[in-house]
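Novice: predicted model follows, preceded by the sequence.
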Amino acid sequence: MQMPSAFLALSLALAAQDTSAVLDDVVVTAPPLTPEVARSYVDRIANPPLRALSLATWRTPVCLLVENLAPEAKSIVSARIVARAENLGIKVGEGCRPNLVVVFTSDGSATATDLVSAIPTLFRLKAGEPQGDRHELAVFETTTAPVRWWTMSGDYSTYRGAFLTPTHGEDSQFGLSSDQNGSAPMRAADPGEIYSNQSQVRAIIRSTVVVDTRQTGGVSTEALADYIAMVALAEVDPEADTQKFPTILNLWDGQADLPAMTTWDWAYLKGLYKAEIRISGSISPVRSRFQLNEIARSMAGDRTP
């Protein structure tokens, strides 16, 4: 089932959303960061799949689809997400098959359950590293959070410019065909490439975000869009306790007046997208720890908006 038709086939209720509040893109400042403090923030929010090579980033163009939102609000949300992506160096496609889908609905749990039931390949791969266990998928379906998300990622060859299936065979081993990915083909990796990890990184295949509009009335449209960008452009733990950190992830935890991503958030995203992933051929935990340390060092040295 193709993604666009599948989403359009779902009857999701459009809830009214107040778009009258337009705030300047002001970023909340924070005390100076040390690498150690930054690393604690990184460890708290990062959520890579088990045994993944590294934290995933978008290595292929983002094809954004925002569903069930009034035109004015849709324009604000889309523009904000696109701007954040482009400022990170992510290419944004037009007229391509969606791989970043944001669904606004008046019933987040019902919509999430419908999506998991109707389009299971949006949430599970048939091969590759686990994308979250049954508990995490159940949390996606049943959480009462205003925004819920599910990110799928896979091993990606920077040399080939393609996602890699774990073994030789058909694209369907990965749970989707090349055209379903929307931005890059799925190709079998050579055995030597798998074992040596040469040119391999972790990349986001697609991200699905469901927004429950019954719970978003207390925040600005711009802040909501930044929240969505934060969880869609990185692998973020939906159950992370971030109360002691200045972050947009606290938007519904006593910080509804945040107008945008904080400097910590933006520094994290910039660090994630520029951090080196070295030590080819080493085991995954070593590569991941190196990347996490690189992100923390980057955050400590650069927190500009």
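Specialist: Happy to help now that I have it.
Novice: distance between the ends of stretch 54-68?
Specialist: Terminal residues of stretch 54-68 are spaced 34 Å apart (CA to CA, to the nearest Å).
Novice: which ones are touching Val139?
Specialist: Pro238, Glu239 (CB atoms under 8 Å, 6 or more residues apart in numbering). C-beta: built from backbone N, CA, C; applies to glycine.
Novice: separation between it and Val66?
Specialist: According to CB to CB, to the nearest Å, Val139 stands 23 Å off from Val66.
Novice: am I right that Ser207 is in a strand?
Specialist: Yes: Ser207: assigned to a strand according to DSSP: H, G, I helix; E, B strand; the rest coil.
Novice: that one - how many residues pack around it?
Specialist: 25 (other CB atoms under 10 Å).
Novice: show me the contacts for it.
Specialist: So Ser207 contacts Asn99, Leu100, Val101, Trp149, Trp150, Thr151, Met152, Val231, Ala232 (CB under 8 Å, 6+ apart).
Novice: 7 Å instead?
Specialist: By CB atoms under 7 Å, 6 or more residues apart in numbering, Ser207 lies in contact with Leu100, Trp149, Thr151, Ala232.
Novice: what about the residues you listed, which are in strands?
Specialist: Those of the contacts of Ser207 mapping onto strands are Leu100, Trp149, Thr151, per DSSP state E.
Novice: so the first one makes contact with Val62?
Specialist: Yes: with contacts counted by CB atoms under 7 Å, Leu100 reaches Val62, the gap being 5.1 Å.
Novice: tell me which of the two has more neighbours.
Specialist: Remark: of Leu100 and Val62, Leu100 carries more neighbours, 28 against 25, as counted by other CB under 10 Å.
Novice: what helix or strand is Thr60 on?
Specialist: Using DSSP states H and E, Thr60 sits in no helix or strand.
Novice: burial of it, as a residue count?
Specialist: There are 23 residues near Thr60, going by other CB under 10 Å.
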